[in-house]
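Colleague: Here is the input, now give the coordinates:
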Amino acid sequence: MTHKLCWLTDIHLDHLSEVIPVVLGQPNVPNRRRLSREKVHKFCEAVASHKPDSVVITGDISTAPFIETHLGWLKESLPGIPIRFVLGNHDYYDGSIAEVRGRIGTLFKNPREVGWLNAMGIVPLTEETALVGHDGWYDGVYSNWFKSKLVMNEYYLTQEFRFQPPTLLHAKLRELAQECANHIKRHVDDAATKYKRVVFATHVPPFRENSRAPDYKLSDEDWLPNMSSGLAGAALESVALAHPSVDFLCLSGHTHTPWRQKYADNLDCWTGSADYGSPKKSIQIIELP
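Modeller: Model (predicted):
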């Protein structure tokens, strides 16, 4: 038995909008755009055309006010296809990490419909292959975060980061990244005792070499601290070393620049392609034994 996995990343469905038509006799409104259910449905038609057995999304699906709406539209437009996902930094914009995770953990925990991987542990795909996932976060391990001149939007748009001094902000980033590393050590390691292959889905690339600029060059010292997670990478390498007969594939997003790199004989990491307003660009089909 094989499994056709459709991998999506950074689909940013909040960028799929449409013009609100002018109705004679009704007052004008300053913003004449709204979320487009029809455009999301058409995107899902492109996904469904590949006839996947399941879908995995590695973050940046929407923003905090609209994440439930968009996950609901995905479920509606892909009936019968299990959708598993992790959240990315954009999914917390205009909200709180704790509050969004609370909502998502309550509403989306069905592995046969739409499920948040943080709360699902090990998800069997075939007799030989399992899926594990966690949101992840960047952590500045591979370069000096305090010297970076890049200011991420979430520092203003996400409650846990807003108005925090650098030391506390950095500590929160490390805390979030460590949660992912702990998840790897627990669930990826556990999956490796039961399956020949483990797919790990996360948002932020766990390795320096997967953090690439649009021209495919390695991210510079400003971008690298915000585009990679050394804590997650170290955890993955440790688990892969402990299970040399198991194949590990890490799927990540965040940078929008595709890259594939092998870090051990049994450990690959792929970062997906993405473009605002063009979610079809991220569609990749992976055939799993």
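
Colleague: Every contact and neighbour count from this point should use C-alpha atoms.
Modeller: Noted.

Colleague: In this protein, where's the longest helix?
Modeller: helix 166-183 (DSSP state H).

Colleague: buried ones in stretch 278-285?
Modeller: Buried positions in stretch 278-285, judged by neighbour count with 16 or more other Cα atoms under 10 Å: 279, 280, 281, 282, 283, 284, 285.

Colleague: List the contacts of the helix or strand where residue 105 lies.
Modeller: Secondary structure assigned from DSSP states H and E places residue 105 in helix 97-107. Applying Cα atoms under 8 Å, 6 or more residues apart in numbering, the external contacts of helix 97-107 come out as 64, 68, 92, 116, 119, 158, 159, 160.

Colleague: ditto for stretch 41-52
Modeller: 3-6, 73-74, 77-78, 81, 279-280, 283, 285.

Colleague: Quick check: the two most widely separated of those?
Modeller: Within those, 3 and 73 form the most distant pair, 23.8 Å apart (Cα to Cα).

Colleague: returning to that earlier point: for the contacts of stretch 41-52, give me JSON lines that also has pLDDT, secondary structure and distance to residue 273.
Modeller: Shown next, in JSON lines, are these (pLDDT from 0 to 100; DSSP: H, G, I helix; E, B strand; the rest coil; distance: Cα to Cα, whole Å):
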{"residue": "3", "pLDDT": "97", "secondary structure": "strand", "distance to residue 273": "22"}
{"residue": "4", "pLDDT": "98", "secondary structure": "strand", "distance to residue 273": "19"}
{"residue": "5", "pLDDT": "98", "secondary structure": "strand", "distance to residue 273": "16"}
{"residue": "6", "pLDDT": "98", "secondary structure": "strand", "distance to residue 273": "13"}
{"residue": "73", "pLDDT": "98", "secondary structure": "helix", "distance to residue 273": "22"}
{"residue": "74", "pLDDT": "98", "secondary structure": "helix", "distance to residue 273": "20"}
{"residue": "77", "pLDDT": "98", "secondary structure": "helix", "distance to residue 273": "22"}
{"residue": "78", "pLDDT": "98", "secondary structure": "coil", "distance to residue 273": "22"}
{"residue": "81", "pLDDT": "97", "secondary structure": "coil", "distance to residue 273": "22"}
{"residue": "279", "pLDDT": "98", "secondary structure": "helix", "distance to residue 273": "9"}
{"residue": "280", "pLDDT": "98", "secondary structure": "helix", "distance to residue 273": "10"}
{"residue": "283", "pLDDT": "98", "secondary structure": "coil", "distance to residue 273": "8"}
{"residue": "285", "pLDDT": "98", "secondary structure": "strand", "distance to residue 273": "13"}
